[in-house]
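Engineer: Below: sequence and its predicted model.
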Protein chains: 2
Amino acid sequence: MKTLTGRDLAAAIRTQTQAEAASGTQPRLAVVVATADEASLWYVRSIAKAAAAVGIDCDLVDLGPQATPERIGETLARLSADAGVHGVMLQTPLPAGASAQELAAAIDPRKDVDGANPLSLGRLAAGLPAFPPATAAAVMALLDHHGVELAGRRAVVVGRSTVVGKPLAHLLLDRHATVTVCHSRTRDLASVTAQAEVLVAAVGRAGLIGPGHVAPGAVVIDVGTNPTDDGGLTGDVDFAAVAEVAGALTPVPGGVGPVTTALLLRHVARAANLP
Amino acid sequence: MKTLTGRDLAAAIRTQTQAEAASGTQPRLAVVVATADEASLWYVRSIAKAAAAVGIDCDLVDLGPQATPERIGETLARLSADAGVHGVMLQTPLPAGASAQELAAAIDPRKDVDGANPLSLGRLAAGLPAFPPATAAAVMALLDHHGVELAGRRAVVVGRSTVVGKPLAHLLLDRHATVTVCHSRTRDLASVTAQAEVLVAAVGRAGLIGPGHVAPGAVVIDVGTNPTDDGGLTGDVDFAAVAEVAGALTPVPGGVGPVTTALLLRHVARAANLP
């Protein structure tokens, strides 16, 4: 069994991004936050730190957990119109009554570095240039980095979220995989996932995928990041048990996560230098 | 075996559309054409005739087969800005060098009655209100009309086009089916399609789906419209042979086709009366 680590790949992407950031327009990312959720704020601070490390400016625009959808939308529109800002990101969770999908429509697609605007998803699906969500892009980058062939192979994505499952399905289709999307309403999940040559778990339920869900030799990508009681992280895949069956498997932490952050920042550097 | 005809459903939709068209703003559809392709022109004239029959005005804006992408884009933008036009459609094929997906971005999503703008596809995928492509909507309408259950069932779509396969995958996912998308690069197509409880063929290759592709009792929807030597139409499914295996099957012609035109016009009537 091969462990598909993401740290080396993330480091390589960071090195490349640092060079890109230094060579053209100084890139600036704005992250809009409207929550008091500690995990979310921790994540946003980690992005800011990672940005600084590769020479990307990062503004945290904290509107507070009482922000109205109108206020959030206006802020996204203002940042989209600001020529000094190249990437705009809306952090979730949002206050009750605010829809991330509706609000993200206010992000200029050319600055939509986390692929949150429905237009970005539509362009992706239509095969037009667009920034995919960084998490979905990270899954593809990991597969490519580890030389996993996709054309003609059966890929199964568990999870139909707009931020991971759906865009990932399009990215896999674009690479000529035969793609199945499963979700909470799928009957006999294990019988479907066991047909996957490439299996991606993106649900957010610890240990959802056990050895009975995985075909011998399959490549398994774990997008889940579920908090553990001891303050750590665990994936959607039961790593130890699935490692006995799978041909290759990403760890959590240290798999998709670091690549996601690195790609988000690469998107910012690219956005700063779009023609 | 039940034949899932579309004519009754299409007639019911037309009756409803005629009432909607008569009760609010007089709806107007503009169809932009830039081709000399006879089948395409025939289809556009049939839309105009069908529109007239339900009380919808229809303008054919024929730019000729030499039209530049710029000219087509400007025309779509002008019609989108025209308050007297409620639905805008871009007919394919287009002149060499013109991309339907790129150009359709100029269609106001509120007038995008055939779901051609990538934004419409993205909104559909994100679960936001949008007009789906009429063909994809027709497949769903036929399934509903004939009482086919979707939640938790395995649906397989053969074909990954932006106008049918991809939007249909999202519509089926939204109804809680477990969805697989196959295409020309799928290995052992029959083994994948034979797992479908609901199978949709949307490729454009006559007779592609034979009895060996279909599980006993499956519901099969044939989106294909392939011209025959004698001037008729035939689907992607070998009707006579598959009828021996399937539980239900749409005919071609008389299945998805009439429902598609009826729904396109319903979209126009709805677009004329959007809040």
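Structural biologist: Looks like it came in fine.
Engineer: In what element of secondary structure is A:S40 found?
Structural biologist: Using DSSP states H and E, A:S40 sits within helix A:38-53.
Engineer: Tell me where the model's unsure across chain A.
Structural biologist: Counting by pLDDT under 70, not a single residue of chain A qualifies.
Engineer: burial of the residue in it that chain B sits nearest to, as a residue count?
Structural biologist: Nearest residue of chain A to chain B (Cβ to the nearest Cβ) works out as A:G122 at 2.6 Å. For every residue, glycine as well, the C-beta is placed using N, CA and C. Counted with other Cβ atoms under 10 Å in any protein chain shown, residues neighbouring A:G122 total 31.
Engineer: Could you pull up the contacting residues of it?
Structural biologist: A:G122 makes contacts with B:N117, B:P118, B:L119, B:S120, B:L121, B:G122, B:R123, B:L124, B:A125, as judged by Cβ atoms under 8 Å, 6 or more residues apart in numbering or on different chains.
Engineer: which bits of chain A sit near chain B?
Structural biologist: Neighbours of chain B within chain A, by Cβ under 8 Å from any Cβ of the partner chain: A:101-102, A:117-128, A:151-154, A:160, A:162, A:166, A:169-170, A:173, A:176, A:178-183, A:185-187, A:192.
Engineer: how about the strands in the stretch 101-250 of chain A?
Structural biologist: A:154-158, A:178-182, A:198-201, A:219-222, A:226-227, A:233-234, A:248-249 (DSSP state E, counting those that start in this stretch).
Engineer: Can you lay out those as JSON lines showing mean neighbour count?
Structural biologist: Formatted as JSON lines, those follow (neighbours: other Cβ atoms under 10 Å in any protein chain shown):
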{"stretch": "strand A:154-158", "mean neighbour count": "27"}
{"stretch": "strand A:178-182", "mean neighbour count": "28"}
{"stretch": "strand A:198-201", "mean neighbour count": "28"}
{"stretch": "strand A:219-222", "mean neighbour count": "28"}
{"stretch": "strand A:226-227", "mean neighbour count": "14"}
{"stretch": "strand A:233-234", "mean neighbour count": "16"}
{"stretch": "strand A:248-249", "mean neighbour count": "22"}
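Engineer: Make a markdown table from those and add distance to B:D230 to it.
Structural biologist: Shown next, in a markdown table, are the strands of the stretch 101-250 of chain A (distance: least, Cβ to Cβ, whole Å):
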| stretch | distance to B:D230 |
| --- | --- |
| strand A:154-158 | 39 |
| strand A:178-182 | 35 |
| strand A:198-201 | 45 |
| strand A:219-222 | 49 |
| strand A:226-227 | 61 |
| strand A:233-234 | 63 |
| strand A:248-249 | 54 |
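Engineer: and A:T25, which of those is closest to it?
Structural biologist: Of all those, it is strand A:219-222 that lies closest to A:T25, at 33.5 Å by Cβ to Cβ.
Engineer: which other helices and strands contact that closest one?
Structural biologist: Helices and strands touching strand A:219-222, as assessed by 3 or more Cβ pairs under 8 Å, 6 or more residues apart in numbering or on different chains; DSSP states H and E, comprise helix A:134-145, strand A:198-201, strand A:248-249.
Engineer: Please identify the pairing partners of that strand and their relative orientation?
Structural biologist: Within its sheet, and counting by DSSP bridges, strand A:219-222 is paired with strand A:198-201 (parallel), strand A:248-249 (parallel).
Engineer: Give the buried residues for stretch A:163-183.
Structural biologist: Within stretch A:163-183, the residues scored as buried using 16 or more other Cβ atoms under 10 Å in any protein chain shown are A:163-173, A:175-183.
Engineer: That should have said stretch A:75-88, apologies.
Structural biologist: For stretch A:75-88, the neighbour count (16+ other Cβ under 10 Å) marks A:T75, A:L76, A:A77, A:L79, A:S80, A:V85, A:H86, A:G87, A:V88 as buried.
Engineer: Output it as CSV, nothing but the C-alphas.
Structural biologist: Listed next in CSV are the C-alpha coordinates belonging to stretch A:75-88 (Å, rounded to 0.1, in the frame of the first residue of the first chain):
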residue,chain,number,x,y,z
THR,A,75,-18.3,43.6,0.8
LEU,A,76,-17.7,40.9,-1.8
ALA,A,77,-18.8,43.2,-4.6
ARG,A,78,-16.5,46.0,-3.3
LEU,A,79,-13.5,43.7,-3.1
SER,A,80,-14.3,42.4,-6.6
ALA,A,81,-14.2,45.9,-7.9
ASP,A,82,-11.0,46.8,-6.1
ALA,A,83,-8.1,46.6,-8.6
GLY,A,84,-5.7,46.1,-5.7
VAL,A,85,-7.3,42.8,-4.7
HIS,A,86,-6.7,39.8,-6.9
GLY,A,87,-8.4,37.0,-5.0
VAL,A,88,-11.6,37.0,-3.0
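Engineer: just the helices in the stretch 1-150 of chain A please.
Structural biologist: Here the stretch 1-150 of chain A has its helices, by DSSP state H, counting those that start in this stretch, at A:7-23, A:38-53, A:69-81, A:100-104, A:118-125, A:134-145.
Engineer: Show me the contact partners of the fourth one.
Structural biologist: Right, helix A:100-104. For helix A:100-104, the external contacting residues (Cβ under 8 Å, 6+ apart) are A:69, A:72-73, A:76, A:90, A:92, A:94, A:112, A:116-118, A:162, B:126-128.
Engineer: which among these gets closest to B:G255?
Structural biologist: B:G127 (27.7 Å).
Engineer: Give me the nearest residue to that closest one, chain neighbours excluded.
Structural biologist: The shortest distance from B:G127 to any non-neighbouring residue, by Cβ to Cβ, 6 or more residues apart in numbering or on different chains, is to B:D174 (6.5 Å).
Engineer: A:E244 now?
Structural biologist: Nearest residue to A:E244, sequence neighbours excluded (Cβ to Cβ, 6+ apart): A:P211, at 6.1 Å.
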